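In: could you look at this predicted model? Sequence included:
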Amino acid sequence: MQIFHHIESIRGALAIERQRGKRVGFVPTMGNLHDAHIELVRTAQQQCDVVVVSIFVNPLQFGLNEDWDKYPRTFEADANRLREVNCDYLFYPDEGEIYPNGMAEQTRVVVPTMTDVLCGASRPGHFEGVTTVVSKLFNIVQPDLAVFGIKDFQQLAIIRRMVEDLCIPVEIIAGEIFREPDGLAMSSRNGFITAEERPKVNILNQRLNQAQADIEAGKRDYFAIEAEARAAIEAAGFRVDYFSVCNSKTLEPAANDDQAITILGAMYTSGARLIDNVSFTLGEEMAPGTPVSA
Ligand code: PAF
């Protein structure tokens, strides 16, 4: 695996790959790689000839009171994991390389829909930081395909929208959520969960599954479903940021006759903010008022 710190050098290497007719896959990350990231790399490898991973803990997407400074930085271990799975290129720029004119003067990429709700409501400016850095990384790597984890469902939807709106010629692929045996979605922030909290944090995943089961069984009072989930998560000792039954395409609160549903949840432990989601499609026979047969 070749490691590059500078834009010009990775561009040079990838230009040669492209001249040779190679299809380039890309997995942008902030490092502290775990099994779910490695699955994203494998997904890219299945569809591409060469795969690039980037590691950059992007300060532009962190709020002032957030965890940018304590975000885990584990470069050597990350590079070793990528070597083990035969990743071809690792792009590891520093802040000066990505923001040479400073963050305040950086041109921004703004997606006007879906960015102020859910995670965007409690993390103002977060998605602007994500779309800005992802579009820069796309311009640097110029991949044919890029893979993003579906755990960050809202991020994925916003990036898809950015790519569509700006005619960026990159195919966006969703990588499945990778879970611990008890259902906890893998995340770099799971390292901030205390030993005492750990047995209880799968409450978020449990309540998402319960809400899905309730809706699939015909319940349509989404407000009540959300309130019940929030109460259960709070009873387990965690503060809820949001728990919302949404239309999968718009991320607006789901209407009773919506068929593509995503339920998204976020909660705070003492040291981390955890997110998770489930998506499913309701059949025509599941329209409101329709009796559900066993
Ligand atoms: O999901 C992430 O790790 C980050 O938001 C991303 C897409 C690498 C942009 O910094």
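Out: Nice, I can see it. Numbering: from 1, shown residues only.

In: could you find the closest non-adjacent residue to whichever residue of the stretch 51-200 of the chain sits closest to the ligand?
Out: Closest contact between the stretch 51-200 of the chain and the ligand, by CB to the nearest ligand atom, is at N58 (4.0 Å). (C-beta placed from N, C-alpha, C; glycine too.) Excluding the flanking residues, the one nearest N58 by CB to CB, 6 or more residues apart in numbering is V133, at 4.5 Å.

In: list the buried residues of stretch 267-278.
Out: Residues of stretch 267-278 classed as buried by neighbour count (16 or more other CB atoms under 10 Å): M267, T269, A272, R273, L274, I275, D276, N277, V278.

In: so V53, which state does it fall into?
Out: Following DSSP: H, G, I helix; E, B strand; the rest coil, the label given to V53 is strand.

In: now swap in I38 and tell me
Out: Going by three-state DSSP: I38 is helix.

In: burial count for it?
Out: 18 (other CB atoms under 10 Å).

In: counting contacts, what elements does whatever helix or strand Q155 lives in pack onto?
Out: Per DSSP states H and E: Q155 is located in helix 153-165. If you count contacts as 3 or more CB pairs under 8 Å, 6 or more residues apart in numbering; DSSP states H and E, helix 153-165 packs onto helix 119-122, helix 126-141, strand 145-149, strand 171-175, strand 260-268.

In: what sits against the closest residue to M30 other than its chain neighbours?
Out: Distances taken as CB to CB, 6+ apart place V57 nearest to M30, at 4.8 Å, with adjacent residues excluded. Applying CB atoms under 8 Å, 6 or more residues apart in numbering to V57 gives the contacts M30, G31, W68, Y71, R73.

In: looking at those, which is nearest Q106?
Out: W68 (15.6 Å; CB to CB).

In: sec struct for that closest one, please.
Out: Recorded secondary structure, W68: coil (three-state DSSP).

In: what's the distance between it and F192?
Out: The gap separating W68 from F192 is 13 Å, by CB to CB, to the nearest Å.

In: which of those two has more neighbours?
Out: Legend: neighbour count by other CB under 10 Å for W68 and F192, higher for F192 (18 against 15).

In: contacts only, for the more buried one.
Out: If you count contacts by CB under 8 Å, 6+ apart, F192 has them with D67, T269, G271, A272.

In: F75 too?
Out: Counting by CB under 8 Å, 6+ apart, F75 touches G31, I55, Y92.

In: what of E8?
Out: E8 touches nothing, counting by CB under 8 Å, 6+ apart.

In: and M186, by the same measure?
Out: H34, D35, A36, K151, I177, F178, R179, E180.
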